[in-house]
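any chance you could fold what I've pasted below:
(one chain, ligands or ions: 1)
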Amino acid sequence: MQQPPVFLIGFMGSGKTSLGYPLAQLLRFEFIDLDQWIEQREGKTIHELFVQEGESVFRQKERAYLRSLPLGQRVIATGGGTPCHEQNMDWMNRVGTTVYLQVDAQILYERLLPHRNERPLLRHLSPEELLPFIKRLLAQREPYYRQAKHIVCADQLRVEQLHAVLTSC
Ligand code: S3P
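As a prediction, the model looks like this:
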């Protein structure tokens with residue numbers, strides 16, 4: 001029998017992609033990274049989509065691509081904003097198992113600081129502005145993230161621990 005997909009959700013830098021791929025291997029599921037899926041089909045980077053078309057067009061596309069994903073036995077790493085727009089969280093909770101990778105704001109800051117130029121929402125921020133920005137956006141997003149079926153502390157999470165959460169219920 002086919003098992004439902006696992007959706008990994010959480011803030012930028014929470015480990016959705018880096019834990020998602022080995023998790024998929026442990027579960028013998030396929031792995032899909034939603035951002036990469038969109039980039040491949042649009043022929044543009046997420047950054048180009050944000051700059052050329054704006055965030056609201058990106059969110060429409062993200063909504064449509066999310067709903068067009070092949071489901072079944074897959075681990076799907078979503079974008080940090082995916083659960084917070086377009087009723088995506090309700091939809092993911094209906095069709096799959098959602099897991100919130102919860103990471104402390106200070107740790108997110110340390111992870112994101114060297115990589116902030118790669119992310120359209122962060123690239124305009126100075127190092128001093130980054131931590132307050134993360135705290136503010138995380139507070140806005142937590143009510144959505146917290147609707148996940150599983151909430152897992154991912155400050156120092158190993159993939160085996162994440163696997164155990166999903167296989168022990
Ligand atoms: C976003 C997170 C990004 C990407 C886009 C918007 C967000 O994904 O979808 O830049 O709104 O938090 P990651 O969480 O994989 O960086």
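
which parts of the chain are strands?
All strands of the chain, identified by DSSP state E, fall at 6-9, 30-33, 74-77, 97-102, 150-153.

tell me the pLDDT of R141.
Looking at R141, its pLDDT reads 98.

the nearest residue to it once chain neighbours are set aside: what's it in contact with?
What sits nearest to R141 in space, not counting adjacent residues and going by Cβ to Cβ, 6 or more residues apart in numbering, is C84, at 5.1 Å. Quick note: C-beta positions are derived from backbone N, CA and C, even for glycine. Neighbour list for C84: Q140, R141, Y144, Y145 [criterion: Cβ atoms under 8 Å, 6 or more residues apart in numbering].

can I get the strands of the chain in JSON lines with mean pLDDT and mean neighbour count?
Listed next are those as JSON lines, based on pLDDT from 0 to 100; neighbours: other Cβ atoms under 10 Å:
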{"stretch": "strand 6-9", "mean pLDDT": "98", "mean neighbour count": "28"}
{"stretch": "strand 30-33", "mean pLDDT": "98", "mean neighbour count": "18"}
{"stretch": "strand 74-77", "mean pLDDT": "98", "mean neighbour count": "26"}
{"stretch": "strand 97-102", "mean pLDDT": "98", "mean neighbour count": "23"}
{"stretch": "strand 150-153", "mean pLDDT": "98", "mean neighbour count": "16"}
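
could you pull out the helices for the protein?
16-27, 34-42, 46-53, 55-68, 88-95, 105-112, 127-145, 159-167 (DSSP state H).

export these to CSV and append columns for mean neighbour count and distance to the ligand.
Below are the helices of the chain laid out as CSV (neighbours: other Cβ atoms under 10 Å; distance: least, Cβ to the nearest ligand atom, whole Å):
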stretch, mean neighbour count, distance to the ligand
helix 16-27, 19, 6
helix 34-42, 16, 5
helix 46-53, 15, 5
helix 55-68, 15, 7
helix 88-95, 17, 12
helix 105-112, 17, 9
helix 127-145, 15, 7
helix 159-167, 15, 17
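
E118: which of those is closest?
E118 lies closest to helix 46-53 among the helices of the chain, at 7.7 Å (Cβ to Cβ).

show me what that closest one is packed up against.
helix 34-42, helix 55-68 (3 or more Cβ pairs under 8 Å, 6 or more residues apart in numbering; DSSP states H and E).
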